[in-house]
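Participant: I would like to see how this sequence folds:
(chains A and B)
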2 protein chains.
Amino acid sequence: MRGLTFQGTHDVRVEDVPDPTIEHPGDAIVRVTLAGICGSDLHIYNAGEAFGFAPGSRLGHEFIGTVEAVGPEVTGVAAGDRVMSSCSVACGECTWCREGLASSCVKWSLFGWAPRVWAHGGAVQGGQSELVRVPLADSTLHPMPEALSGADREMSLLPLVDVMSTGWHGLTSAGAAPGQSVVVIGDGAVGLAGVHGARAKGAERIICLGHHADRLATATALGATLTISSRDDDEIKEAVMEHTGGEGAHVVVDSISGPGSMASAHACVRPGGTIACLGMDHFMGKTPSVNWFDQFLRNISVTGGLVPGKRYFPELLALVESGTLDPAPMLSHTITLDEAADGYRLMADRAEGVTKVALRPAG
Amino acid sequence: MRGLTFQGTHDVRVEDVPDPTIEHPGDAIVRVTLAGICGSDLHIYNAGEAFGFAPGSRLGHEFIGTVEAVGPEVTGVAAGDRVMSSCSVACGECTWCREGLASSCVKWSLFGWAPRVWAHGGAVQGGQSELVRVPLADSTLHPMPEALSGADREMSLLPLVDVMSTGWHGLTSAGAAPGQSVVVIGDGAVGLAGVHGARAKGAERIICLGHHADRLATATALGATLTISSRDDDEIKEAVMEHTGGEGAHVVVDSISGPGSMASAHACVRPGGTIACLGMDHFMGKTPSVNWFDQFLRNISVTGGLVPGKRYFPELLALVESGTLDPAPMLSHTITLDEAADGYRLMADRAEGVTKVALRPAG
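Facilitator: Residues are numbered from 1 along each chain as shown, chains lettered A, B, ... in the order given. Down below sits the predicted model:
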């Protein structure tokens, strides 16, 4: 089959690789119909060797498709079923899975991050490929609702796998509620998901901070009531205060989570408010700081983190089905799997008009 | 009247000072029957000049007493009423007061911290004195329930004013719930309040970390199911895991909030758990750090902060009245107001057997 492999810094290629096979009785093989390139894939693209990625590692944790085959223990899905995959593998049975925190599953691993040793039952290769092996398929896969299983809805569903779930996780962890003010820091896919999710949760004032005119226009289309492109925290604070009746934001979704974004978050958040940290800048050594004086005196909370697998799929699918949510606009480009290296380059260069790239293995 | 004044580092004195008077129509004058020395008073004792305290500043924000006189606009309390005071002044009417966050009141100020310019309607002097002026008395004072207004119950009520409310605030902010595991870092009064509050909230496993055998014995009496005196995070983690079925604590109450305590908090908290920061070590330049890798991968939340005035008085008083809560044991010493300098010294020296000192102006 064709599959995208990491070769080295800024070097990914689509090559002929062996078809995956059922290795454990709980495995499924999924034929991928649409896969996404995630901002976190760019960390591998930019510095994969630092994370232990060897040439030949297959990438990608966002994919939807059709079940091709299942192992003898799989009962929840069958060959021919249209499915969404969680971006990470989970058992569905341990304490953490039962509590809705599949990201802390004792058998957790992340598709496309096989070299990081988290793998359960053999390396979990990526889904930017024609076929992918899905371990613990009963808990890792989620059947698509019939009404959304057509090819015409794939663009609306793919973002749910990770970025929309991640934005929703931040908003949910922070207790975002109808009528509130939400500031979203960052205009990448997770930021746009925060904006779109805030609207679905009934926030009245939704402010997106970013530096790309095209993405901020998408933010407005997805629900932002104000966009701010300033890099000056005093200016940002003034604009946020003006838009929120002088009170600041109940919830700040920080999709970057680096030193600068956390300082902006403290500038925007209201007393008693919550900052949801969803970014991975700290993985890159850009460590954010809590303003402890502010945290203490104004009772600021910090929450968020790695998305707990498919926890939010049912409610997000219901919102898509009802028309309340449609994250398709955050996918700015759809190209063939064989063109995937161009997709990585476009996203890494933050090229004008590029937010998120989807890959079609079928061409 | 007699009142305790700050004179300089490690120098507080009880002197004759002018009686306070009604300065604004919403003021009340309270005759103090019992006042407390708070751990935060020690920050002034140790470094008051750094915070702008001039010789003569009167200290103390924990007091209960009897209303002596009220201004013409006061309707909620009258001369002769037995009252508990919030440790801070609040208006009861602004957005933040209405939301239960009196610590962010637009008219907020803290008794005994007058030099910090937060004062509303003139300097708000401290309550370690025979009489104290209470601004915005209708919202700052809370009438004692009849059943608890006797002199024999004062030791149970004084801790509610600040430390017990603070511990309860941390537990409440962190969502502590029946059946959970709670770790409390620190065996001072706020730590003991965290332990005692955790029991009242139905926590099943309550672990107190500290380094004073006498205080840890009090922690056990107030509800701790395990005490740990190790300073080694690996040892602490092992003991916590053993006591919590290998899962860690749902809630960590960090009554110190410095670099060491936050590292211990990350070692003790379970995936999806919450660290409530209640300490003020960061005011002293000992800035804690979030372990961001842990925060992100395990979805750890950080919450807590300055206690929102008298918000918890009604529920805490009900718990004292029902016998579920009795924080009196955290007051290790009761001395006369004239002996207050000895009380500061005892607490600052962390002398054996000393947890918290109460002062009786009446002798």
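Participant: contacts, neighbours, all on C-alpha from now
Facilitator: Fine.
Participant: need the phi and psi values for the nearest residue to A:Gly248 once chain neighbours are set aside.
Facilitator: Once flanking residues are discounted, A:Gly248 sits nearest to A:Arg270: 4.3 Å by CA to CA, 6 or more residues apart in numbering or on different chains. Backbone torsions of A:Arg270, given as degrees, to the nearest 10, read phi -90, psi 160.
Participant: cool, A:Ile256 as well?
Facilitator: phi -110, psi -50.
Participant: who's the closest residue to A:Val70 other than its chain neighbours bridged to?
Facilitator: Distances taken as CA to CA, 6+ apart place A:Ala28 nearest to A:Val70, at 4.2 Å, with adjacent residues excluded. Bridge pairing for A:Ala28 (DSSP bridges) gives the partners A:Val70, A:Val134.
Participant: burial measure for A:Ala28, as a count.
Facilitator: 31 (other CA atoms under 10 Å in any protein chain shown).
Participant: is it correct that it is in contact with A:Thr75?
Facilitator: No: with contact defined as CA atoms under 8 Å, A:Ala28 does not count as touching A:Thr75 (10.5 Å).
Participant: what about the residue nearest to A:Gly248, neighbour count?
Facilitator: Counted by other CA under 10 Å, the residues lying close to A:Arg270 total 25.
Participant: tell me the contacts of it?
Facilitator: By CA atoms under 8 Å, 6 or more residues apart in numbering or on different chains, the contact set of A:Arg270 is A:247-250, A:298, A:300.
Participant: what pLDDT is listed against it?
Facilitator: We have a pLDDT of 98 for A:Arg270.
Participant: which strands and helices sit next to the helix or strand encompassing A:Asp342?
Facilitator: Counting by DSSP states H and E, the element that carries A:Asp342 is helix A:340-348. For helix A:340-348, the elements it packs on are strand A:11-16, helix A:39-47, strand A:357-360, judged by 3 or more CA pairs under 8 Å, 6 or more residues apart in numbering or on different chains; DSSP states H and E.
Participant: show me what counts as buried in the longest one.
Facilitator: With burial defined by 16 or more other CA atoms under 10 Å in any protein chain shown, the residues of helix A:39-47 counted as buried are A:39, A:41-45, A:47.
Participant: try stretch A:231-247
Facilitator: Per 16+ other CA under 10 Å, stretch A:231-247 contains these buried residues: A:233, A:236-237, A:239-241, A:243-244, A:247.
Participant: would you mind checking the average pLDDT for it?
Facilitator: pLDDT averaged over stretch A:231-247 gives 98.
Participant: ok, residues contacting stretch A:105-115?
Facilitator: So stretch A:105-115 is contacted by A:51-54, A:57-61, A:87-92, A:94-97, A:102, A:118-120, A:123-127 (CA under 8 Å, 6+ apart).
Participant: which pLDDT value belongs to the residue nearest the centre of chain A?
Facilitator: Centrality entry for chain A: nearest residue to the mean C-alpha point is A:Val163, 2.3 Å, by CA atoms, centre = their mean. Note on A:Val163: pLDDT of 97.
Participant: which residue packs closest to it, ignoring adjacent ones?
Facilitator: Spatial nearest neighbour of A:Val163, excluding adjacent residues (CA to CA, 6+ apart): A:Val190 at 5.0 Å.
Participant: next, the one you found: secondary structure please.
Facilitator: Classification of A:Val190 by DSSP: H, G, I helix; E, B strand; the rest coil places it in helix.
Participant: list the contacts of it.
Facilitator: With CA under 8 Å, 6+ apart, A:Val190 has these contacts: A:163-164, A:166-167, A:255.
Participant: among these, which two are most distant?
Facilitator: A:Met164 and A:Ser255 (11.8 Å; CA to CA).
Participant: from what I see, A:Pro259 and A:Asn291 are in contact.
Facilitator: No: using CA under 8 Å, A:Pro259 makes no contact with A:Asn291, being 10.4 Å away.
Participant: for A:Ser165, phi and psi?
Facilitator: phi -60, psi -40.
Participant: how about the residues of the stretch 201-350 of chain A that lie near chain B?
Facilitator: By CA under 8 Å from any CA of the partner chain, the residues of the stretch 201-350 of chain A that approach chain B are A:271-272, A:277-278, A:282-283, A:287, A:289-290, A:292-293, A:295-306.
Participant: let's see which of the residues you listed end up in strands.
Facilitator: Under the assignment DSSP state E, these contribute A:271-272, A:277, A:301-303 to strands.
Participant: how far away is the residue of the stretch 151-300 of chain A found nearest chain B from A:Gly273?
Facilitator: Residue of the stretch 151-300 of chain A nearest chain B, by CA to the nearest CA: A:Phe296 (4.0 Å). Using CA to CA, to the nearest Å, A:Phe296 is found at 12 Å from A:Gly273.
Participant: name the nearest residue to A:Lys356, ignoring sequence neighbours.
Facilitator: The shortest distance from A:Lys356 to any non-neighbouring residue, by CA to CA, 6+ apart, is to A:Leu331 (4.8 Å).
Participant: who touches the residue lying closest to A:Ile29 once chain neighbours are set aside in this structure?
Facilitator: The spatially closest residue to A:Ile29, leaving aside those adjacent along the chain, is A:Arg133, at 4.6 Å (CA to CA, 6+ apart). The contact partners of A:Arg133, taken as CA under 8 Å, 6+ apart, are A:20-22, A:27-30, A:124-125.
Participant: out of the residues you listed, who's nearest chain B?
Facilitator: Relative to chain B, the closest of these is A:Val124; by CA to the nearest CA it sits at 18.4 Å.
Participant: that closest one: how many residues sit nearby?
Facilitator: Number of residues near A:Val124 (other CA under 10 Å) recorded here: 28.
Participant: contacts only, for A:Pro329.
Facilitator: A:Pro329 sits next to A:218, A:222 when contact means CA under 8 Å, 6+ apart.
Participant: from A:Leu192, how far out is it?
Facilitator: 9 Å.
Participant: helices of the stretch 101-250 of chain A, start to end?
Facilitator: A:137-140, A:154-157, A:163-173, A:189-200, A:213-222, A:233-243 (DSSP state H, counting those that start in this stretch).
Participant: any idea which of those helices is most buried?
Facilitator: Most buried of those, by mean neighbour count (mean count of other CA atoms under 10 Å in any protein chain shown): helix A:189-200, with a mean of 30.
Participant: give the contact list for the residue in the stretch 1-150 of chain A positioned nearest to chain B.
Facilitator: At 6.3 Å from chain B, A:Ser104 is the closest residue in the stretch 1-150 of chain A, using CA to the nearest CA. The contact partners of A:Ser104, by CA under 8 Å, 6+ apart, come to A:96-97, A:308, B:271, B:297-298.
Participant: one more time with 6 Å, if that's ok
Facilitator: A:Trp96 (CA atoms under 6 Å, 6 or more residues apart in numbering or on different chains).
Participant: ok, A:Leu297 next?
Facilitator: B:Leu306.
Participant: one more pass at 10 Å, please.
Facilitator: A:271-272, B:103-104, B:304-308 (CA atoms under 10 Å, 6 or more residues apart in numbering or on different chains).
Participant: of those residues, keep whichever come out buried.
Facilitator: By neighbour count, with 16+ other CA under 10 Å, these hold A:271-272, B:103-104, B:304-308 as buried.
Participant: near chain B, which residues of the stretch 1-150 of chain A?
Facilitator: The stretch 1-150 of chain A has residues A:95-96, A:99-101, A:103-105 near chain B, with proximity defined as CA under 10 Å from any CA of the partner chain.
Participant: so what's the residue lying closest to A:Leu226 once chain neighbours are set aside scoring on pLDDT?
Facilitator: Spatial nearest neighbour of A:Leu226, chain neighbours left out: A:Ile207 (4.8 Å); criterion: CA to CA, 6+ apart. A:Ile207 is assigned 98 on the pLDDT scale.
Participant: cheers, nothing more for now.
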